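Novice: No sequence on hand, only this structure:
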Ligand code: ADP
């Protein structure tokens with residue numbers, strides 16, 4: 001069985017993330033979606049909320065997706081699942097430098113684990129969790145950019 005791990009902050013999950021997950025499911029039998037904390041970012045939503053939004057958005061694929069919060073070194077999580085592939089999404093050139101160095105560093109630490117990059121649908125190339133929060137914060141519509149459950153959660157979070 002081919003498995004892979006897709007890590008991210010998912011603060012919150014967007015349709016860009018969902019697109020990467022759907023593409024990854026065409027390549028792998030099982031996908032572990034890992035909600036992690038990025039030390040560079042202070043998340044708006046708690047880990048529990050981020051996991052719940054992912055679960056709500058992905059409920060139709062339940063048997064092939066496992067969603068978990070993990071607080072630790074990602075490579076240890078990948079090994080614990082007996083997987084050897086990390087999936088990351090690529091938007092524009094801006095993602096490349098960071099992803100490139102991270103992928104090489106991970107391979108330096110664990111030579112049998114590889115990172116593969118999936119390019120998003122062009123409609124979502126500009127989408128990021130932070131831009132979504134900015135729109136929602138100022139009362140704009142995020143319809144079509146995020147799953148329904150996230151749209152509702154954002155409305156509740158940012159209503160004055
Ligand atoms: P992180 O903080 O780890 O970068 P994110 O939740 O922001 O976590 O993103 C997780 C992964 O999904 C990253 O590989 C990121 O490049 C990718 N990603 C985020 N938004 C999109 C998008 N709109 N299209 C494709 N990939 C995306």
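Specialist: Cool, the structure landed. All values derive from a computational prediction rather than experimental measurement. Numbers count the residues shown, from 1 in each chain.
Novice: who does the helix or strand that residue 88 is a member of touch, helix- and strand-wise?
Specialist: Using DSSP states H and E, the element containing residue 88 is strand 85-90. Where contact means 3 or more C-beta pairs under 8 Å, 6 or more residues apart in numbering; DSSP states H and E, strand 85-90 is packed against strand 3-8, helix 15-27, helix 74-80, helix 93-109, strand 114-119. Just so you know, the C-beta spots here come from the backbone N, C-alpha and C atoms, and that holds for glycine as well.
Novice: right, is the least confident helix or strand in the chain by mean pLDDT up against the ligand?
Specialist: One helix or strand of the chain scores below all others by mean pLDDT, DSSP states H and E: helix 93-109, with a mean of 91. Yes. Shown here: helix 93-109 in contact with the ligand (C-beta under 6 Å from any ligand atom) through residue 95.
Novice: Report the angle between that helix and strand 114-119.
Specialist: 170 degrees (axes from the mean of the first three to the mean of the last three C-alpha atoms, to 10 degrees).
Novice: Pull out the buried positions in helix 93-109.
Specialist: For helix 93-109, burial by neighbour count (16 or more other C-beta atoms under 10 Å) applies to 95, 99, 103, 106.
Novice: related to what we said a few turns ago, out of the helices and strands packed on strand 85-90, the one nearest residue 146 is which?
Specialist: helix 15-27 (6.1 Å; C-beta to C-beta).
Novice: Contacts only, for residue 15.
Specialist: 124, 127, 144-147 (C-beta atoms under 8 Å, 6 or more residues apart in numbering).
Novice: if we go to 10 Å?
Specialist: Listed by C-beta atoms under 10 Å, 6 or more residues apart in numbering, the contact set of residue 15 reads 22, 57, 120-121, 123-124, 127, 132, 142, 144-147, 150.
Novice: What pLDDT is listed against it?
Specialist: Looking at residue 15, its pLDDT reads 97.
Novice: Same check on residue 31?
Specialist: Confidence score, pLDDT, at residue 31: 97.
Novice: next one: residue 131
Specialist: Looking at residue 131, the pLDDT reads 95.
Novice: Okay, and it sits in which element?
Specialist: Taking DSSP H and E as the definition, residue 131 sits inside helix 129-137.
Novice: Buried by neighbour count: which residues of that helix qualify?
Specialist: 129, 132-133, 135-136.
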